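*Asks:* sharing a sequence plus its predicted fold:
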Amino acid sequence: MRAWCLALWVLFCLTMVGTLGAEDAPNNPKTHAVTSGPFEATLTFDGWAQNSEFAEIVLQPEEWSAFTVDSCLEAGQEVKAGDVLISFETKGIDREIQDLKQQIAAGELGLKLARIDLELLEKSTPFDLEAAERNAIVSKEEWDFYQKLGEALEKQSVEEQLKSMKDMLEGSQEELTQLEKMYKADDLTEETEEIILKRARREVERGEFLLKQSQVHHDRQVTEELPRTKRQKEINKDRDAQNLEKARVALPLTVAQKKVELEKLEHTQKQLTEKLARIQKDRELMTIKAPIAGRMMYGQAERGRWVTADAMKNNLRRGGSVTAHQVICTIMATSAALVHIDIPEKDRGVLEVGMKGRIYPTAYADAVGSCELKIISATFVKEATFGGIIAVDPVDTPSMKTGMTAKVRLVVFSENDVVSVPTATVFADEDQPEKKYVWLAVANGEPKKQPVEVGLASATRTHIKSGLKAGDQILLTKPEEK
């Protein structure tokens, strides 16, 4: 009985130990054996094709700015070199050319007249100056003479005129008195006497009137006219002196002014002539011809993208207007295409010119071709983005045209014997994300946090530069924290 009870107790203890052991046993995490072998890391970019040979049509007028479309080919048409692409209306520019020709013709006549005026002025200026000097001298001499003798002579002349009138009156009066005495003493008939006496009396009356008139004239001469004459001669002297001073300054300035005006007319004429030549040259732009053979497309292709095609489609309709100094259309020749890619700043450090890869055209799912990175821009082509140019093997992708898209996958790292692990097994510290580590499985012990130096990553694996070797076992997941 006691033996049987002891057996039951032993069985119970074994069962409890087994149960406790099963609960306390840690989970066995899955591990991955580190291997060494071929490894390739790639970067994938969106690409835009652009034919390597093309011709951009840009209006570059020197003077004219109004370009109104009269006719234009449809986008996508094949053209030969010399074919007319666009025709612009010419009424406005032809009218401007005609107006300029008329202005130039009128200007030539104005120039001839201006040259004649200047020539005559240069010849007449010495004579005008000499005349001004002569007038000043004459006026000065007349003034000096008038002051010395002229004024006194004129006053004396006025006095003599008055005196002469008085003498004439006295003579007439004396003659009348003598006649009256004589006729009283002689035997002449009364009628004859009366006639003679009347005549004598009239002479006296006329003499009295003339004396009165002379007296008034004398007084006016003395009080008004002689001072006025004196003042006028003085003014003439001063004015002619001033005119001489003015002539000495103004006449040479007038000649200089005429020369400047002539130069201005000549400059204006030259400008009009040059403007006419520029507009006549711009007239040739009214018909745009294809410089090369190819396919005509509206707008400008910038790095494989038609950035202005939609805007130009509206501008190039009949009646639409085109602005100078911008690409209005592009002729794409039949040539191999280059592919432009946008390189984010984060990927710039791992790319090098000469890296090769594969291209996958969107339009041709089966046409996978080889490619090579030929150019990386020195500066950003847009915010935080560099530009790259990919050369495509035309044998592999013969149908790539400007504006078509593709995926470009470049091989940035490739080695035959490289230690790599699944990317999911590589972890980083939260505080120091640049420090990477894996969990190294340790036989009969706790997993070990193993620092590693990582290289590039492929789609699923990461290159381990140091910290692991082939044959190591690492955990596929983080161990649970206790």
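*Replies:* Received, thanks.
*Asks:* which residues touch the residue most central in space within the chain?
*Replies:* Residue closest to the average C-alpha location in the chain (C-alpha atoms, centre = their mean): residue 325, at 11.3 Å. Contacts were defined as C-beta atoms under 8 Å, 6 or more residues apart in numbering; by that measure residue 325 touches 58-60. Backbone N, C-alpha and C define where each C-beta goes, glycine included.
*Asks:* need the pLDDT of residue 25.
*Replies:* pLDDT recorded at residue 25 is 38.
*Asks:* next: the one 10 residues further on.
*Replies:* Per-residue pLDDT puts residue 35 at 90.
*Asks:* chain neighbours aside, what residue packs nearest to it?
*Replies:* residue 470 (5.6 Å; C-beta to C-beta, 6 or more residues apart in numbering).
*Asks:* tell me the secondary structure at the one you found.
*Replies:* Each residue gets one of three states, and residue 470 gets coil by DSSP: H, G, I helix; E, B strand; the rest coil.
*Asks:* that one: how many residues sit nearby?
*Replies:* 11 (other C-beta atoms under 10 Å).
*Asks:* just residue 54 next, same as before
*Replies:* Neighbours of residue 54 using other C-beta under 10 Å come to 18.
*Asks:* secondary structure class for the residue nearest to the centre of the chain?
*Replies:* Applying three-state DSSP: residue 325 is coil.
*Asks:* same check, this time on residue 297
*Replies:* Strictly by three-state DSSP, residue 297 counts as strand.
*Asks:* ok, what's across the strand from it?
*Replies:* residue 330 (DSSP bridges).
*Asks:* touching, residue 283 and residue 98? I think so.
*Replies:* No. Assessed by C-beta atoms under 8 Å, residue 283 is found out of contact with residue 98, at 11.7 Å.
*Asks:* higher neighbour count, these two?
*Replies:* residue 283 (17 against 10).
*Asks:* please report how far that one lies from residue 255.
*Replies:* Distance, residue 283 to residue 255, using C-beta to C-beta, to the nearest Å: 42 Å.
*Asks:* please report how far residue 159 lies from residue 221.
*Replies:* In terms of C-beta to C-beta, residue 159 sits 9 Å off from residue 221.
*Asks:* the two: which has the busier surroundings?
*Replies:* Applying other C-beta under 10 Å to residue 159 and residue 221 shows that residue 221 carries more neighbours, namely 21 against 13.
*Asks:* dump the residue contacts of that one.
*Replies:* Neighbours of residue 221 in contact, by C-beta under 8 Å, 6+ apart: 154, 158.
*Asks:* which intervals of this structure have sub-threshold pLDDT?
*Replies:* When residues are selected by pLDDT under 70, those of the chain lie in 1-28, 185-191, 396-398, 481-482.
*Asks:* go again using 50 as the cut-off
*Replies:* Applying pLDDT under 50 to the chain picks out residues 1-26.
*Asks:* scan it for its longest helix.
*Replies:* Counting by DSSP state H, the longest helix found in the chain is helix 226-283.
*Asks:* direction included, what does the helix or strand just after it pair against?
*Replies:* Where DSSP states H and E defines the elements, the next helix or strand beyond helix 226-283 is strand 287-289. With DSSP bridges as the test, strand 287-289 is paired with strand 84-88 (antiparallel).
*Asks:* and stretch 355-373, what's buried?
*Replies:* 355, 357-361, 364, 369, 371-373 (16 or more other C-beta atoms under 10 Å).
*Asks:* typed the wrong thing, it's stretch 402-420
*Replies:* For stretch 402-420, by 16+ other C-beta under 10 Å, it's 402-406, 408-410, 412-413, 418-420.
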